[in-house]
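Engineer: prediction below, plus the sequence it came from.
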Amino acid sequence: KAGVTQTPRYLIKTRGQQVTLSCSPISGHRSVSWYQQTPGQGLQFLFEYFSETQRNKGNFPGRFSGRQFSNSRSEMNVSTLELGDSALYLCASSLEQGRADIQYFGAGTRLSVL
Amino acid sequence: AQSVTQLDSHVSVSEGTPVLLRCNYSSSYSPSLFWYVQHPNKGLQLLLKYTSAATLVKGINGFEAEFKKSETSFHLTKPSAHMSDAAEYFCVVSDSGGYQKVTFGIGTKLQVIP
């Protein structure tokens, strides 16, 4: 079974631009979560989608948004990029949405904002 | 509300000696607890999880963790470190307050000295 796939692996953008990252979960998984990982802040939860609905949202500005499609694939979008948005963005999928569900992570998309 | 504290940001051990990575948590509900490992430039991989069954949980690669409710701790241990254990380790708490909500610790970087 294929794992969680994130594309692209690397991105370089300039301030003010917008970016879209993609995540394909493991087949059959309905929950997709997004995280931002930086050296200073660690892993911070962005949002979670389950059956095309956003169920949880972390403390990020409205510039960060996401969506999930009927095939469970998910995208996240960051508009008006800032230097501080440079980070590794990780996507994780799980079967359901229970507290005990294991999350399976992709390798991440490394975003550099210049 | 839930939180997790990893007490050491860096741990250094010699190959063949025991590993102890410390984690304390706070949760208003009965939590699920996880340890994930992240090798350089890779996504996170589950080591083990606790979900209110046995308090001593065995994971992959010889790691185990003990859930101690009275101490609100979930420390990760391994009897003998291997060079391949060098990575960053994350303690994670997820409780049942409504939908799944996951909080990651800041991470502990494990260095293994030959």
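Structural biologist: In hand now; what should we look at?
Engineer: residues from chain B in reach of chain A?
Structural biologist: Contact residues of chain B with respect to chain A, defined by CB under 8 Å from any CB of the partner chain, are listed as B:31-32, B:34, B:36, B:41-46, B:49, B:51, B:90, B:94-96, B:99-107. The C-beta positions use only the backbone N, C-alpha and C, and glycine is treated the same way.
Engineer: got a quick ChimeraX command for the buried subset of those?
Structural biologist: The following ChimeraX command selects only the buried members of the residues of chain B next to chain A, with burial defined by 16 or more other CB atoms under 10 Å in any protein chain shown:
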select /B:31,32,34,36,43,44,46,49,51,90,94,95,96,100,101,102,103,104,105,106,107
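Engineer: return the subset of the residues of chain B next to chain A lying in strands.
Structural biologist: Where these overlap with strands, as defined by DSSP state E, the overlap consists of B:32, B:34, B:36, B:44-46, B:49, B:90, B:94-95, B:101-104.
Engineer: any chance of those in CSV, with pLDDT too?
Structural biologist: Compiled in CSV, these are given as follows (pLDDT from 0 to 100):
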residue, pLDDT
B:S32, 87
B:F34, 93
B:Y36, 95
B:L44, 91
B:Q45, 92
B:L46, 92
B:K49, 91
B:F90, 96
B:S94, 84
B:D95, 73
B:K101, 70
B:V102, 80
B:T103, 86
B:F104, 90
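Engineer: which strands and helices sit next to the helix or strand of chain B with the lowest mean pLDDT?
Structural biologist: Taking mean pLDDT, DSSP states H and E as the measure, the helices and strands of chain B show their lowest mean at strand B:101-104, namely a mean of 82. Counting by 3 or more CB pairs under 8 Å, 6 or more residues apart in numbering or on different chains; DSSP states H and E, the packing neighbours recorded for strand B:101-104 are strand A:42-50, strand B:3-6, strand B:87-95.
Engineer: buried stuff in the shortest one?
Structural biologist: For strand B:3-6, a neighbour-count test (16+ other CB under 10 Å) marks B:4, B:6 as buried.
Engineer: what lines up beside the helix or strand just after it in the sheet?
Structural biologist: Reading on from strand B:3-6 to the C-terminus, the next helix or strand found by DSSP states H and E is strand B:10-14. In the sheet containing strand B:10-14, its partner strands are strand B:108-113 (parallel), by DSSP bridges.
Engineer: can you pull the pLDDT of B:Y99?
Structural biologist: Turning to B:Y99, the model gives it a pLDDT of 54.
Engineer: quick revisit: how far does the least confident helix or strand of chain B sit from its chain's centre?
Structural biologist: Relative to its parent chain, strand B:101-104 has a centroid offset of 13 Å by CA atoms, centre = their mean, to the nearest Å.
Engineer: and the contacts of that strand?
Structural biologist: A:33, A:35, A:42-45, A:56, A:99, A:103, B:2-4, B:90-95 (CB atoms under 8 Å, 6 or more residues apart in numbering or on different chains).
Engineer: thinking again about what came up before, in JSON lines: the helices and strands packed on strand B:101-104, plus distance to B:K69.
Structural biologist: Converted to JSON lines, the helices and strands packed on strand B:101-104 look like this (distance: least, CB to CB, whole Å):
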{"stretch": "strand A:42-50", "distance to B:K69": "25"}
{"stretch": "strand B:3-6", "distance to B:K69": "15"}
{"stretch": "strand B:87-95", "distance to B:K69": "13"}
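Engineer: low-confidence ranges, chain B, go.
Structural biologist: In the prediction, chain B carries residues with pLDDT under 70 at positions B:96-100.
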